[in-house]
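Enquirer: need a 3D model of the sequence below.
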Amino acid sequence: MKVKTINPSNENILSEYNIMSKEQVNTSVKKSKNVFTNWKKNMHQRIELIHRFAEELRKNKRELALVASNEMGKPIKEAISEIEKCATVMEYYGDNGQVFINDEVLNTDARKTLITFQPLGVIASIMPWNFPYWQALRFAAPSMIIGNTIVLKPASATLQCGIEMEKLFAKVGFPDGVFQTLVGDSTVAGHLIDSADINAITFTGSTSVGAKVAQQAGMNLKKCVLELGGSDPFIVCSDADIEKATDGAVKGRFINCGQSCIASKRFFVTSNVADEFIEKFIQKTERLKVGNPISEDTDVGPLVNSKGLETIESQVKDAIDNGAEILTGGKRVGDKGYYYKPTIIKNISKKMRIYHEETFGPVASIVIVENEKDAIKLANESSFGLGASVWTKDLDKAEQISRDIESGMVSVNNMLVSDPRVPFGGIKQSGFGRELSKYGMMEFVNIKSIRFYDQLSHNHHVE
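Expert: Numbers count the residues shown, from 1 in each chain. From the prediction side, this is the model:
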């Protein structure tokens, strides 16, 4: 059996790949398990190789970016930026990883008490297509620096991106098996989770698939981290700087053609600034250039596939049928490729799919509210809880709203972005666990306590 990758800008077949069998998956995992024994022993080697990999990313950023643009339609300027950010995260953990896992010493009834942080083993990484390099490497960097080995199952749409990463790891001198890419469809991911030599799983993707991954991992008693969907609120307060807020709205909603879990998706705007916000939001949105992702002046490329395009079309149609108003966009662009015009709609109500579902495409939904209290209430009614952004000149107000929002992350007066220094992840249907920072690193370590006693304790009567 084979899987095909298709260029979403012209619908041409890019490549065909043989789907790996269960036996091939298990063989690859066994290789990672075998190399783990030596890989975990030498932190200095790991630091040197991580930095070498970052250098190679920067040297090859345009070639790597072109692969992503062809496979999933990301504008080339955004794809290059993604590669540069990947180099940054590698350097961050190369610089800080050893400090993060230094032993901790505690005072207890024992003569000496240590907490050590040790790698778990082989980690399965099941990753999506929307940021094919970043989402794989933001997990791989902290996990490998601690001493784990990685087996990556990239999305079927971006298999070549996964292959290019494995090639680059080999090129800079990583031992064979430390980072491997498996080729295939969802059956390969299933084999990976079931493999006896996999110690833990990280998954980024849709909520529905994430629930299945968690169920399968649980049946195998394996730790997992899930970074799932989002429907992030964008709250425009009565005293917001509208110029900055609309700049943030355009960037936060239409980056990567709106195909980002942390993209701003639900816009709650207080009534006293609604007219000005909407007018400027429309003006700036209509300046975006939709076109070939390989072109340097393209702002918005195609959606990743025909299914993504059809879903966006059906969500918008349902909203219009139920009383929503299109302010700009709302239609396909061209007759070839999966292009959709950046769209803004208002008069959103709870009877519409777009109110409850994640919109994974270039569509912004506006709800006008009387005050910030109403905005918080509506924002929290979502089943998702990944991120949010708040726009106000009053930082005391911003802090209170940020604490009241039910999400894993909040950004004030800026679009929400991931940062290697800050934990990344959500609550509710947006998943559990964290990536990035020291906290993301700790998801895939064995936190081991060691106590040294001079004599047997006789007074302990409970466990």
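Enquirer: now the terminal residues of stretch 426-441, how far apart.
Expert: 16 Å (C-alpha to C-alpha, to the nearest Å).
Enquirer: pLDDT of that stretch, averaged?
Expert: Averaging pLDDT along stretch 426-441 yields 98.
Enquirer: stretch 130-147 too?
Expert: On average, stretch 130-147 scores 98.
Enquirer: Ser402: which element?
Expert: Ser402 belongs to helix 395-404 when assigned by DSSP states H and E.
Enquirer: the helix or strand following that helix packs against which elements?
Expert: Per DSSP H and E, the first helix or strand lying C-terminal to helix 395-404 is strand 411-412. Packing partners of strand 411-412 (3 or more C-beta pairs under 8 Å, 6 or more residues apart in numbering; DSSP states H and E): strand 389-391, helix 395-404. The C-beta positions use only the backbone N, C-alpha and C, and glycine is treated the same way.
Enquirer: adding mean neighbour count, distance to Gly205 and mean pLDDT, write these out as TSV.
Expert: Shown next, in TSV, are those (neighbours: other C-beta atoms under 10 Å; distance: least, C-beta to C-beta, whole Å; pLDDT from 0 to 100):
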stretch	mean neighbour count	distance to Gly205	mean pLDDT
strand 389-391	28	23	98
helix 395-404	15	27	98
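Enquirer: who are the packing partners of the helix holding Ser402?
Expert: Helix 395-404 sits against helix 372-379, strand 389-391, strand 411-412, with contacts defined as 3+ C-beta pairs under 8 Å, 6+ apart.
Enquirer: I'd like the helices and strands packed on strand 411-412 laid out as JSON lines, including distance to Lys223.
Expert: Output for the helices and strands packed on strand 411-412, formatted as JSON lines (distance: least, C-beta to C-beta, whole Å):
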{"stretch": "strand 389-391", "distance to Lys223": "31"}
{"stretch": "helix 395-404", "distance to Lys223": "29"}
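Enquirer: show me the one of the ones you listed that comes nearest Gln160.
Expert: strand 389-391 (33.3 Å; C-beta to C-beta).
Enquirer: against Arg266, how distant is the residue nearest the centre of the chain?
Expert: In the chain, the centroid-proximal residue (C-alpha atoms, centre = their mean) is Gln135; its distance is 5.3 Å. Note on Gln135: its distance to Arg266, by C-beta to C-beta, to the nearest Å, is 23 Å.
Enquirer: one more: Ile115?
Expert: 42 Å.
Enquirer: settle it for me: which of the two has more neighbours?
Expert: Between Ile115 and Arg266, Arg266 has the larger neighbour count (other C-beta atoms under 10 Å), namely 25 against 13.
Enquirer: that one: what secondary structure?
Expert: strand (DSSP: H, G, I helix; E, B strand; the rest coil).
Enquirer: circling back: closest one to Val363 among the helices and strands packed on strand 411-412?
Expert: The nearest among the helices and strands packed on strand 411-412, by C-beta to C-beta, is strand 389-391 at 17.2 Å.
Enquirer: elements contacting the closest one?
Expert: strand 232-236, helix 242-254, helix 395-404, strand 411-412.
Enquirer: dump these into TSV; add distance to Ser21 as well.
Expert: Formatted as TSV, the helices and strands packed on strand 389-391 follow (distance: least, C-beta to C-beta, whole Å):
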stretch	distance to Ser21
strand 232-236	39
helix 242-254	41
helix 395-404	49
strand 411-412	44
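Enquirer: how about the longest helix along the chain: buried residues?
Expert: The single longest helix within the chain, with elements called by DSSP state H, is helix 76-100. Within helix 76-100, the residues scored as buried using 16 or more other C-beta atoms under 10 Å are 76-83, 85-94, 96-97, 100.
Enquirer: now do stretch 202-218
Expert: 202-205, 207, 209-210, 213-214, 216-217.
Enquirer: and which of those is nearest to Glu357?
Expert: When those are compared against Glu357 (criterion: C-beta to C-beta), the nearest one is Thr207, at 10.3 Å.
Enquirer: how much space separates that closest one from Ala217?
Expert: When Thr207 is compared with Ala217 (using C-beta to C-beta), they lie 15 Å apart.
Enquirer: what are the bridge partners for the residue lying closest to Glu166 once chain neighbours are set aside, then?
Expert: Counting by C-beta to C-beta, 6 or more residues apart in numbering, Glu166 lies nearest to Thr181, which is 4.2 Å off, once chain neighbours are set aside. For Thr181, the beta-bridge partners are Leu152 (DSSP bridges).
Enquirer: quick one: contacts for Thr181?
Expert: Neighbouring residues of Thr181 by C-beta atoms under 8 Å, 6 or more residues apart in numbering: 152-154, 159, 162-163, 165-166.
Enquirer: from Lys41, how far off is it?
Expert: From Thr181 to Lys41 the distance is 24 Å (C-beta to C-beta).
Enquirer: same question for Leu327.
Expert: Taken as C-beta to C-beta, the span from Leu327 to Lys41 is 60 Å.
Enquirer: neighbour count for these two, which is higher?
Expert: Each of Leu327 and Lys41 has its neighbours counted (other C-beta under 10 Å); Leu327 has more, 19 against 10.
Enquirer: in its sheet, what does the helix or strand hosting the more buried one sit against?
Expert: Leu327 belongs to strand 325-328 when elements are defined using DSSP H and E. Next to strand 325-328 in the sheet, as set by DSSP bridges, lie strand 343-346 (antiparallel).
Enquirer: next secondary structure after the partner strand?
Expert: Counting by DSSP H and E, the next helix or strand C-terminal to strand 343-346 is helix 353-356.
Enquirer: tell me which residues of that next one are tucked away?
Expert: Quick answer for helix 353-356 (16+ other C-beta under 10 Å): 354-355.
Enquirer: could you name the helices and strands sitting against that helix?
Expert: In terms of contacts (3+ C-beta pairs under 8 Å, 6+ apart), helix 353-356 is packed against helix 306-321, strand 363-369.
Enquirer: deepest of those, which one?
Expert: Among these, ranked by average contacts under mean count of other C-beta atoms under 10 Å, first place goes to strand 363-369 (a mean of 23).
Enquirer: what's that one in contact with?
Expert: So strand 363-369 is contacted by 249, 253-254, 258, 264-271, 274, 278, 281, 285, 312, 315-316, 319, 324, 327, 329, 340, 342-346, 348, 354-355, 359, 375, 378 (C-beta under 8 Å, 6+ apart).
Enquirer: what's the closest non-adjacent residue to Ala136?
Expert: What sits nearest to Ala136 in space, not counting adjacent residues and going by C-beta to C-beta, 6+ apart, is Met127, at 4.8 Å.
Enquirer: so the one you found touches Pro154, yeah?
Expert: Yes - applying C-beta atoms under 8 Å, one finds Met127 in contact with Pro154, separated by 5.5 Å.
Enquirer: overlap in contacts of these two?
Expert: By C-beta under 8 Å, 6+ apart, the residues touching both Met127 and Pro154 are 136, 162.
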